[in-house]
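In: Predicted structure and sequence below. I'll ask about it afterward.
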Amino acid sequence: MNDPLNRRMTIALLALLPLVLLAWASLRFDPTAATEAAAPIDDPLMLAQLAALPGSPNALPPLEYAAPIDAMGDARSQNLAVPFVGGKLEPAPPYRFSGSPADLTNARDCLALAAMAEAGSSDPGQRAVIQVVLNRARHPAFASTVCGVVFEGSERVTGCQFSFTCDGSLARQYDPASWAAARARADQALKGYVFAPVGNATHYHTDWVFPWWSPKLHKIAQIETHLFLRWPGFWGSTKAWRKSYGGGEPSLAALMARPVAINPGPLTPLEGLPATNYGAPVLMPALPTDTPAVTGGDVVMRLPSGMANFVTVSPAAGADSALAMARKLCPASGTCRVMGWSDRSLIPAALPLTGAARAGLQFSYSRDPAGAEIVLFNCDTFAGLPREKCIPRAR
């Protein structure tokens, strides 16, 4: 081998040396990242890490609950106190859908519904929501289908990842133009369009709530009133997105017809009851003897645990009256749900809620095991409330 060739080889090896040292350093000082990147997703250690991630579907409390009404201003202050993570925000990789035509229809409609329910008619707001759903669909911490991500946990008490799937908001109706616009955005995303401003975010919440998991994640973007976040470290990187799409999208119609989880145990106390007879009082089981006396309405149904209640409310009495009733009905601690109607004949005798019962819902109160509350009203009848306290209706 001649000297010029030796010199060229030596120069080439020296040029590669910094890259070798950099790779060695990354393994030396961040061994877990290398281990996680190499380990299969179904490895028991990996599964344990996924289950422990704050804000994952199985973490407690899993639902993004709003702060109490009198703490909303404080929530905004808390959010402002958490800085955005510095550095360049890389866009997520394009999503390439590979399911059947039926899968595509369900995935598109689930995305469109989530976009409208979470962001109204806003173009950037809808695209941001769609991007987060598709980011989750590739992350092993979440369901493996698009519709599965949107409705994840909606069958469990305090388990829904997107609150519109379990707070009565599924009753809202959208006009054809709204559906067409949201479906068009969903179609674009399923064919690879990337909404770059939210990067690889897997979480978001409005700036008027401060979920328990929010400060444990990296805040990376804001679109209108929504803050977007991802997990720190390996699980917040696209290296963790090693889940392949297998099709089998659940039917959107079937998902919307599932019971709303209002009781941590079986729903047997309501099984076998007659269907709602609209226009006449429905039959309900006898109230437990320890049902608290309330003002501003009547308790129509209450589970023995006290964790689920159907009540009548009077919008004329005001939002404070309905909220006071809910807090009186709920036990001192733990999960609790109160749903209220002004028309007694709309109160259902069985689950799932019928379309008429959902459409007539006036008041929804949920409290998680940590004591955080989400309180929503029909703002067509409860006047003067801020938009964030309204059960969303047709836009």
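Out: Alright, I've got the coordinates. Residues are numbered from 1 along each chain as shown.

In: all strands of the chain, in order?
Out: In the chain, the segments counted as strands under DSSP state E are 203-206, 218-223, 226-230, 299-302, 308-312, 336-341, 361-367, 373-377.

In: Dump the ones you listed into CSV; add distance to residue 110, mean neighbour count and mean pLDDT as well.
Out: Just so you know, the C-beta spots here come from the backbone N, C-alpha and C atoms, and that holds for glycine as well. Compiled in CSV, those are given as follows (distance: least, C-beta to C-beta, whole Å; neighbours: other C-beta atoms under 10 Å; pLDDT from 0 to 100):
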stretch, distance to residue 110, mean neighbour count, mean pLDDT
strand 203-206, 17, 22, 92
strand 218-223, 20, 19, 96
strand 226-230, 19, 25, 96
strand 299-302, 31, 21, 86
strand 308-312, 27, 24, 88
strand 336-341, 24, 25, 88
strand 361-367, 22, 25, 88
strand 373-377, 22, 22, 87
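
In: Any chance of those in TSV with distance to residue 242 as columns?
Out: Shown next, in TSV, are the strands of the chain (distance: least, C-beta to C-beta, whole Å):
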stretch	distance to residue 242
strand 203-206	19
strand 218-223	20
strand 226-230	16
strand 299-302	46
strand 308-312	39
strand 336-341	37
strand 361-367	34
strand 373-377	34
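
In: To residue 173, which of the ones you listed lies closest?
Out: Among those, the nearest to residue 173 by C-beta to C-beta is strand 361-367 (13.3 Å).

In: what's next to that closest one, contact-wise?
Out: The contact list for strand 361-367 (C-beta atoms under 8 Å, 6 or more residues apart in numbering) reads 63, 65, 158, 167-168, 171, 311, 313, 315, 322-323, 326-327, 330, 334-342, 353, 373-378, 381-382, 391.

In: same question, stretch 176-190
Out: By C-beta under 8 Å, 6+ apart, stretch 176-190 touches 95, 97, 104, 107-109, 111-113, 115-116, 121, 123, 126-127, 130-131, 134, 146, 174, 195, 394-395.

In: Go again with 6 Å.
Out: Identification of contacts with stretch 176-190 by C-beta atoms under 6 Å, 6 or more residues apart in numbering yields 97, 108, 111, 112, 115, 116, 126, 127, 130, 134.

In: Using the record's domain definitions, break this structure down for me.
Out: In terms of domains, the chain is parsed into 44-256, 268-389 (source: automatic domain parsing).

In: hmm, which two among the contacts of stretch 176-190 are most spread apart?
Out: Among the contacts of stretch 176-190, 97 and 116 lie farthest apart (C-beta to C-beta), at 19.9 Å.

In: In terms of neighbours, single out the busier of these two.
Out: Shown here are residue 97 and residue 116; by other C-beta atoms under 10 Å, residue 116 has more neighbours (26 against 19).

In: quick revisit: would you reformat the contacts of stretch 176-190 as JSON lines and include distance to residue 304 and pLDDT?
Out: Output for the contacts of stretch 176-190, formatted as JSON lines (distance: C-beta to C-beta, whole Å; pLDDT from 0 to 100):
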{"residue": "97", "distance to residue 304": "46", "pLDDT": "93"}
{"residue": "108", "distance to residue 304": "43", "pLDDT": "95"}
{"residue": "111", "distance to residue 304": "40", "pLDDT": "97"}
{"residue": "112", "distance to residue 304": "40", "pLDDT": "95"}
{"residue": "115", "distance to residue 304": "40", "pLDDT": "95"}
{"residue": "116", "distance to residue 304": "38", "pLDDT": "92"}
{"residue": "126", "distance to residue 304": "42", "pLDDT": "96"}
{"residue": "127", "distance to residue 304": "46", "pLDDT": "97"}
{"residue": "130", "distance to residue 304": "42", "pLDDT": "98"}
{"residue": "134", "distance to residue 304": "42", "pLDDT": "97"}
